[in-house]
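Asks: Provide a 3D model corresponding to the input given below.
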Amino acid sequence: MKKNKQTNTKPPEPVFPKTLWLVVALAALLRIGYWLEIRTQPDYAAPWIDAAYHDVWARQIAFGELVLPEGINDPHIDRYPYFRPPGYPFFLAAIYKVTGGHYDAPRIVQFLLGLLNIFLVFMLVQRFANRRAALFAAAWCGLYPISIYFEGELLAAAPLATGILLVIWAHEQMRQNWNIRMAWLSGVGLGLLCLFRPNFLLMVPPLALWLAWSHRRNRTHLWLMTQWAIGLFLAIVPCTLRNLIKTDDLVLISSNGGINLYIGNHHQADGFSATIQDLGAISGLNGWTSFDFPALMDGVSKRQGRPMKASEVSRHFSSLAWDEMTRYPGITLKRFIKKALHFWNAKEISNNKEVSVAVDQSWALTWLPGFGLLFVCAALGFAVLQEKQRVLQIVLWLAVSFVSYLPFFVTGRFRAPLLPLLAMLAGMGVDAVVARQLKWRAALVGVLAAMVTVTTAFQYSPDTAVWHYHQGISHETQGRDDLARQSYLKALDANPTFVDAALKLGNLAYRLGDEAHAYQYWKRAVDHRPQAESLNNLAWLLATTHDQQRRNPNQAIDYASRAVAMTGRQDSGKLDTLAEAYFSAGQRNEAKAIWLEAIRCAEGNGNQEEAHHMKRRLDELGLTPR
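Replies: Below you'll find the predicted structure:
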């Protein structure tokens, strides 16, 4: 009787090895530590700029009530086409609805998405390359500090990163199992991503071509491509129909494209800052956020002499941008090159918040590797890959996303959803270094990548003053005046010419009854860089103070006149201050004429309460027209 030969068969490798679970555990600990850290920050429950807009909009969707922070204009979201893409606010609203609106909930969900990304990156890189490269990529994905940072913000970066990975995974599945279910899944997924960030509409043509070419030998590929397109269409069309039916304005997703194009290309544009040239003259605003788009619409409508729809205002700003680009092609080319290089900057270019300062001040994140090393490893990974068609999807997402931002402006948060894709290439790069597979061409690519990311880093410096300033605003929003004052003072210490901090300190002092310090800070702001708000506030103080030594009506008229001119005579509050200054100087007729103009301005802007207040003031002073 023969004995069976014993075969030395290795047990099958686990789907997710122990090393991967160690990476996930470390990534989870970092996220828990960072979460406990940011919960003590003033803006955790008082979001700022775009995060505030998302928060207000999401709560209105979830609970049916619009609750605005103090001093913030009503964006009238229900009255106009979506100004910002609706994907993230609806995502946030769903979380608020389920959890009762607690600020912990979206952060926890986004941190969990960050952990999910580790598994998705591992599975994809294991398919594209090998298991060791997949482990390195998973480590990059889970431990990269900027990804963790944006998972803690009420911004779209975290769900977008997961969504991109899921769409790539779905397309990879389609290569093996080309069926209607996968076609619909990938089409709907891409459409939903466009609702978060309309730039991704540019991904539709290259992905359609890639899918068609990959399955050109499949007899049913045209039918399945049609199903993919239908899924994409059905994800986007409800948004378009809502805009058309509710506002009688044909806007595909959102109407902010034109103004963003202008922001990136007006004559004073630096390629990073979301500033609008001649903002005061257009809208009467000193600064702007998404909450102020209705004021911008009103300002443009008055300039054009007719009511304009949101789509028309967007086209107006687009026209201004294109005029600027065609009139100054040399400057435009230099600006595009600058934006292209800074998109890969080793430092995080700030937009809403000073990301680099936040990471540097975080004990959980400050010791982790930065973008420069990630970018160099990613460049090496792409250079050493023999069969580059395997990662064609990754390259398409990176290249098309990069190109889509160049006409606008670049910031760190725009590249944040792409970080897992760079992590995938970086894992392959580290694996090549460990395996000693680097050749001179790949090494040259790495050197060039290092030169780009490091050289641009020297041309950009995070603004610590702005960081403290935003902290101060969040403290003040929550009624913590002492902490707000300390933050504003730190901002002035970091930058003595930072007029916004001086303005806030003056406002805070005046509200607390300290006219001496209010005058000091407002005068400092006016002396360094006159702005409508600081000029107006200083004029009001000089016109209305009971301190006869400080009272100066003629100086008040000068300051108020400059503020009114800066805002194009479109701000009723600035006109009210000018009228008060004239009355304080004994010029009753001039005061009356300005007050009547201010009342008409307030009524034209729909501010009936302010108009009523000024009418009462005219009655009290015996200036009511007969």
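
Asks: Point out where the stretch 1-150 of the chain drops to low pLDDT.
Replies: 1-12 (pLDDT under 70).

Asks: try 90
Replies: Counting by pLDDT under 90, the stretch 1-150 of the chain contains low-confidence residues at 1-17, 40-43, 45-49, 64-79, 127-130.

Asks: I figured residue 110 hits residue 151, correct?
Replies: Yes - Residue 110 sits in contact with residue 151 when judged by CB atoms under 8 Å, with a separation of 4.2 Å. Bear in mind the C-beta positions are built from the backbone N, C-alpha and C, glycine included.

Asks: Kindly point out which residues are neighbours of both of those two.
Replies: residue 158 (CB atoms under 8 Å, 6 or more residues apart in numbering).

Asks: Can you pull the phi/psi pair for the closest residue to residue 272 other than its chain neighbours?
Replies: By the measure of CB to CB, 6 or more residues apart in numbering, the closest residue to residue 272 outside its immediate chain neighbours is residue 349, 5.3 Å from it. Main-chain dihedrals, residue 349, degrees, to the nearest 10: phi -70, psi 120.

Asks: who are the neighbours in contact with residue 349?
Replies: 272, 342, 410-412, 460.

Asks: with these in mind, which one is nearest to residue 242?
Replies: Nearest to residue 242 among these is residue 411, at 28.1 Å by CB to CB.

Asks: Would you check that that closest one makes contact with residue 350?
Replies: Yes - with contact defined as CB under 8 Å, residue 411 counts as touching residue 350 (6.8 Å).

Asks: circling back: quick one: the residue nearest to residue 272 from residue 316, how far?
Replies: 27 Å (CB to CB, to the nearest Å).

Asks: Flag the shaky bits of the stretch 351-500 of the chain, pLDDT-wise.
Replies: In the stretch 351-500 of the chain (pLDDT under 90), the answer is 351-362, 366-367, 369-373, 375-396, 408-413, 429-481, 484, 494-500.

Asks: Tell me where it has helices.
Replies: Secondary structure of the stretch 351-500 of the chain (DSSP state H, counting those that start in this stretch): helices at 355-360, 371-384, 392-405, 412-415, 419-434, 440-457, 464-477, 481-494, 499-511.

Asks: Distance to residue 172 and mean neighbour count added to these, as CSV?
Replies: Shown next, in CSV, are the helices of the stretch 351-500 of the chain (distance: least, CB to CB, whole Å; neighbours: other CB atoms under 10 Å):
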stretch, distance to residue 172, mean neighbour count
helix 355-360, 32, 21
helix 371-384, 18, 24
helix 392-405, 7, 18
helix 412-415, 23, 22
helix 419-434, 12, 25
helix 440-457, 25, 16
helix 464-477, 41, 22
helix 481-494, 48, 18
helix 499-511, 48, 22
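
Asks: and of these, who's closest to residue 17?
Replies: Using CB to CB, the helices of the stretch 351-500 of the chain put helix 419-434 closest to residue 17, at 14.2 Å.

Asks: give the contact list for residue 490.
Replies: Residues residue 468 are the ones in contact with residue 490 under the rule CB under 8 Å, 6+ apart.

Asks: how far away is it from residue 428?
Replies: Taking CB to CB, one finds residue 490 at 43 Å from residue 428.

Asks: next one: residue 214
Replies: 21 Å.

Asks: re the thing from before, would you reformat the helices of the stretch 351-500 of the chain as JSON lines and include distance to residue 583?
Replies: What follows is the helices of the stretch 351-500 of the chain, written out as JSON lines (distance: least, CB to CB, whole Å):
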{"stretch": "helix 355-360", "distance to residue 583": "46"}
{"stretch": "helix 371-384", "distance to residue 583": "57"}
{"stretch": "helix 392-405", "distance to residue 583": "51"}
{"stretch": "helix 412-415", "distance to residue 583": "48"}
{"stretch": "helix 419-434", "distance to residue 583": "58"}
{"stretch": "helix 440-457", "distance to residue 583": "54"}
{"stretch": "helix 464-477", "distance to residue 583": "31"}
{"stretch": "helix 481-494", "distance to residue 583": "31"}
{"stretch": "helix 499-511", "distance to residue 583": "20"}
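
Asks: Go through those helices and name the closest to residue 115.
Replies: helix 419-434 (12.0 Å).

Asks: what's the angle from that closest one to helix 371-384?
Replies: 70 degrees (axes from the mean of the first three to the mean of the last three CA atoms, to 10 degrees).

Asks: Run through the neighbouring helices and strands of helix 419-434.
Replies: Packing contacts for helix 419-434, counted by 3 or more CB pairs under 8 Å, 6 or more residues apart in numbering; DSSP states H and E, involve helix 104-128, helix 131-143, helix 145-151, helix 157-176, helix 371-384, helix 392-405.

Asks: hmm, back to that, residues that sit against both of residue 411 and residue 350, list them.
Replies: With CB under 8 Å, 6+ apart as the test, residue 411 and residue 350 both reach residue 272.

Asks: Now do the longest helix seen in the chain against helix 157-176, angle only.
Replies: Longest helix of the chain, by residue count under DSSP state H: helix 221-247. Per the same axes, to 10 degrees, the angle that helix 221-247 makes with helix 157-176 is 150 degrees.

Asks: Can you tell me which helices and strands helix 221-247 packs against?
Replies: Counting by 3+ CB pairs under 8 Å, 6+ apart, helix 221-247 packs on helix 180-196, helix 204-214.
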